[in-house]
Structures are given as structure tokens and as C-alpha cells.
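*Asks:* Sequence first, predicted coordinates after that:
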Amino acid sequence: MGWLLAGCCALALIGLSEALSVTQIPRFYGVQTNRNVGIFCILRPNLPATVGWFKAHVYDEDPKDRVKVEGERIGFKHRDHTLNFLLNITNVHVEDSAVYFCKVNNTWGPGTQLIVLKATDLSMAKYRTMLKDALIFIQGLLLAAAVTAILLRGRIVSEKTEIIYEEPETDHIYEGLAIERCDGGLYEELSVYAQADDAEAPWE
């Protein structure tokens, strides 16, 4: 009799564990704003149950801090004996981004992360790209002008320095001096009239 009761309890536990198997489809959503999103909560085996839906900022947030999902854009659908098995969010907004969990009795689903991004305006994106390219071009011109101005200033300073410290030309060393002649010879020929080393100078 005892073995029979133990077997019945084991079968009951197995059936209970199977009833608590909860999965979610899909596990991730990445959509733009104003789209509709549906998240399924699947029970195995398919037993009569009522599904509750909650959301959190992250997966590992304390279950006590998860907030019940509700609002005007929130809808639920039923299937067979399962109530609210589908969570439907219409015209999603950026603030709808969260991790959504379904709950059956005391068993939580694994969670589905929803990320909502703003729709990109192609014309505005093209305008911003052109504006960015124009700014880069203007910056390049300004940089080139600055470098040119620095080089030009350095050249002007260098030319002024050369003018200030210009060496006199050798062709003008003797300008204004009278050339003396000795017996018809130029001053370069004075060595002819130089006295010998042992000769006495006339003033000695």
C-alpha cells in the first residue's frame, strides 16, 4: 500500500512539473516605432491556465520589482484553454523597450527582450551627411589657409633678415679712393720699390 501511494505521488509531481514548463516565443524583438509586436507564452503540456504578463528593465531584475503590463495599446489573445497566451503591443514606442515575462501560477517564463528604435528619416539623414561633409571641407580649407599664412609669414621674416644683414659687395671696397702711381705703375706694383730686409729705413 505504501509503495502505491509513493508511486501516485511521484506521478503527480511529474505531471505538476510538466504543467510548469513555460517558454516564450520569440526571445528577442528589435523593431522601429509604430510597429505591432506579439509575444507568445507556450505551456507544456497545454493545460488550462491564465497567463500574467510583466516587464522589467533587465533579465536579472528581482521578480518582485517586475511591473504588470497594461495600457491602452496592450492586448491579449486566448488559445484553447490558455487565457492571455499572446501579448500584443500596438504602435510601439521607444519607452516600450523592456524585458517581458509571462507568468503561470508561480512559474516565470524565460523573458523576451524588446528594443524599440526611432524610425530613420532618409531625407534628414542625407541632409546631415551633406552638412557633415561640408563642415569637413571648410575645416580643411581653414587649415590649409592657416598653414599657408604661417609659411608666408616665415618667408617674409627671412627676407627682411637677409636685407638687414646683407654683406657689402666686394666691387665697392675701393670706391672713392685715388689710385696712386709710382713711375707709371699701379699700387699693386709697390713691391718692386720695397726695400731689402737689411736696408735701413730713412727715418731710422
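*Replies:* It's in.
*Asks:* Please name the nearest non-neighbouring residue to Val67.
*Replies:* Once flanking residues are discounted, Val67 sits nearest to Lys55: 5.7 Å by C-beta to C-beta, 6 or more residues apart in numbering. C-beta: built from backbone N, CA, C; applies to glycine.
*Asks:* Which pLDDT value belongs to the residue nearest to Val37 when sequence neighbours are not counted?
*Replies:* Residue nearest to Val37 in three dimensions, not counting chain neighbours: Ile89, with 4.6 Å by C-beta to C-beta, 6+ apart. For Ile89, the model assigns a pLDDT of 95.
*Asks:* Need the contact partners of whichever helix or strand Lys77 is part of.
*Replies:* Using DSSP states H and E, Lys77 maps to strand 74-79. Strand 74-79 has contacts (C-beta atoms under 8 Å, 6 or more residues apart in numbering) with Val51, Trp53, Leu83, Asn84, Phe85, Leu86, Leu87, Asn88, Ile89, Thr90.
*Asks:* can we see that at 7 Å?
*Replies:* Asn84, Phe85, Leu86, Leu87, Asn88, Ile89, Thr90 (C-beta atoms under 7 Å, 6 or more residues apart in numbering).
*Asks:* Please apply the same query to stretch 54-63.
*Replies:* Applying C-beta under 7 Å, 6+ apart, the external contacts of stretch 54-63 come out as Asp65, Arg66, Val67, Lys68, Val69, Ala98, Val99, Tyr100, Phe101, Lys103, Trp108, Gly111.
*Asks:* Let me see the mean pLDDT of that stretch.
*Replies:* Mean per-residue pLDDT for stretch 54-63: 93.
*Asks:* Stretch 130-146 now?
*Replies:* The pLDDT scores in stretch 130-146 average 88.
*Asks:* Contacts made by that stretch with the rest, please.
*Replies:* Residues outside stretch 130-146 that contact it (C-beta under 7 Å, 6+ apart): none are found.
*Asks:* quick one: what helix or strand has Tyr127 in it?
*Replies:* Mapping Tyr127 onto the secondary structure by DSSP H and E places it in helix 122-164.
*Asks:* Next: Thr23.
*Replies:* Thr23 is part of strand 21-25, with elements assigned from DSSP H and E.
*Asks:* partner strands of that strand, parallel or antiparallel?
*Replies:* Take DSSP bridges as the rule and strand 21-25 pairs in its sheet with strand 37-44 (antiparallel).
*Asks:* Partner strands of the helix or strand following the strand it pairs with, with direction?
*Replies:* The helix or strand immediately downstream of strand 37-44 is strand 49-56, counting by DSSP H and E. Using DSSP bridges, strand 49-56 pairs in its sheet with strand 67-68 (antiparallel), strand 82-89 (parallel), strand 98-104 (antiparallel).
*Asks:* Could you save those as JSON lines and add columns showing mean neighbour count?
*Replies:* JSON lines is the format used below for the strands paired with strand 49-56 (neighbours: other C-beta atoms under 10 Å):
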{"stretch": "strand 67-68", "mean neighbour count": "10"}
{"stretch": "strand 82-89", "mean neighbour count": "19"}
{"stretch": "strand 98-104", "mean neighbour count": "22"}
